[in-house]
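1. I'll drop the sequence and a predicted model, then ask my questions.
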Amino acid sequence: MPAPQVLFVTSNRIGDCVISSGVIREITRQLPGAEITVACGRPPAPFFRSAPGVVRTIVLDKKKMAGHWLDLWKQARGTRWDLIIDIRGSALAYLLNARRRIVYNRRWETGLRKVEMVSGLMGSTTPLDPEIFLDDQARAEAAAVIDPQLAAGAGPGPIIALAPIAHQPGKSWPAERWGQLVEKLKAEPRFDGWRFMPVGGPGDRPPATPALQAAGPLGINFVGKGDILASAAAIDRAALFVGNDSGLMHVSAALGRPTLGLFGPTEWWLYGPWGPRTRTAASNETRGQFAPIEDLSVDHVFEAVLALHDAYVETGAAKAAP
């Protein structure tokens, strides 16, 4: 019998792709041996190159007049799909030949966490935990950037990863406060011997600069040094992660790293990092209320980092980290 053919249309945003990544395992559970084609935006596309069952990734570069959907239809119309999953809620699934369709629409927005919403969409009674499918290529690319900097700096030590950028207005904690946070952590005995690693894309260097300057020889620069899967492999080497409400925050949580997400005027109770070793620090900690992210003080974040450290970092393991 030919392998079941599945089309999974997911987001053009990194964070949303991570949140819905548990769908991949669920497809292989529901349709063993399925050959999965993923359609997504260009930034998250590397996530799927080593995902189980994925045989093809179609990159959707947004075009005028919804031209990207026409491009996808042209590439998908020749296949008889056993299942189409479209979490973007487009009309595409109804224009293709398919035995079964699962298409998002707004009625699924019932106040549940996004992971829970996607899980319900797939008919799962338990949450489909996000997963990052690291491969040897990503690990090697991360090592090629990190290891020489460790050798040239203060040597090996536990790493705290920092993600000082978010690509939506109002989500980015001020850049200078990242530098102030690093200064406070350097002076904290718990973080004696630690290395500070900002992570981000090619355009994220300006907001990462204060943290790198504050870190000095204890800094590791992983800003603009690789694609999103290489960045994930870099985060996987960290003992702690602190970042704005961004895709990298969700990457860290999915990797199982102790993760602190910083929130301003967004719904931390819906969009916070998913996982047992995750926490949030918000400018307004009252559910349903908001405040500008500028109201989130350095002292507040510093205390949240210490609490995360004390809850999840074993001193001996941290001292032995690369």
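-> Thanks, I have the structure now.
2. pLDDT weak spots in the chain?
-> Across the chain, the stretches falling below the confidence threshold (pLDDT under 70) are 315-322.
3. which parts of the stretch 1-150 of the chain are strands?
-> With DSSP state E, counting those that start in this stretch as the criterion, the stretch 1-150 of the chain has strands at 5-9, 35-40, 54-59, 83-86, 101-103.
4. the second one versus strand 54-59: what angle between them?
-> Read it as strand 35-40. Computed with axes from the mean of the first three to the mean of the last three Cα atoms, to 10 degrees, the direction of strand 35-40 lies at 20 degrees from that of strand 54-59.
5. relative to strand 35-40, what are the paired strands and their orientations?
-> In its sheet, strand 35-40 lies beside strand 5-9 (parallel), strand 54-59 (parallel), with partners assigned from DSSP bridges.
6. can you lay out the strands of the stretch 1-150 of the chain as CSV showing mean neighbour count?
-> Glycine gets a C-beta too; all of them are placed from N, C-alpha and C. Putting the strands of the stretch 1-150 of the chain into CSV (neighbours: other Cβ atoms under 10 Å) gives the following:
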stretch, mean neighbour count
strand 5-9, 24
strand 35-40, 23
strand 54-59, 16
strand 83-86, 23
strand 101-103, 16
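7. make JSON lines out of those strands and add distance to Leu240.
-> Putting the strands of the stretch 1-150 of the chain into JSON lines (distance: least, Cβ to Cβ, whole Å) gives the following:
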{"stretch": "strand 5-9", "distance to Leu240": "32"}
{"stretch": "strand 35-40", "distance to Leu240": "29"}
{"stretch": "strand 54-59", "distance to Leu240": "30"}
{"stretch": "strand 83-86", "distance to Leu240": "34"}
{"stretch": "strand 101-103", "distance to Leu240": "37"}
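8. of those, which is nearest Phe196?
-> strand 35-40 (31.3 Å; Cβ to Cβ).
9. contacts for the closest one, please.
-> Contacting residues not belonging to strand 35-40 are listed as 3-12, 17, 24, 27-28, 47-48, 51, 53-60, 72, 76, 79 [Cβ atoms under 8 Å, 6 or more residues apart in numbering].
10. mind redoing it with 6 Å?
-> Strand 35-40 is contacted from outside by 3, 5-10, 17, 27, 48, 53-58, 60, 72, using Cβ atoms under 6 Å, 6 or more residues apart in numbering.
11. before we move on, what about stretch 171-188?
-> Contact partners of stretch 171-188, identified using Cβ under 6 Å, 6+ apart, comprise 164-166, 191, 196, 207, 210-211, 214-215, 244-245, 262, 293, 298, 301-302.
12. so which of these sit within helices?
-> For those, the ones inside helices are Pro207, Pro210, Ala211, Ala214, Ala215, Val298, Val301, Phe302, with DSSP state H as the criterion.
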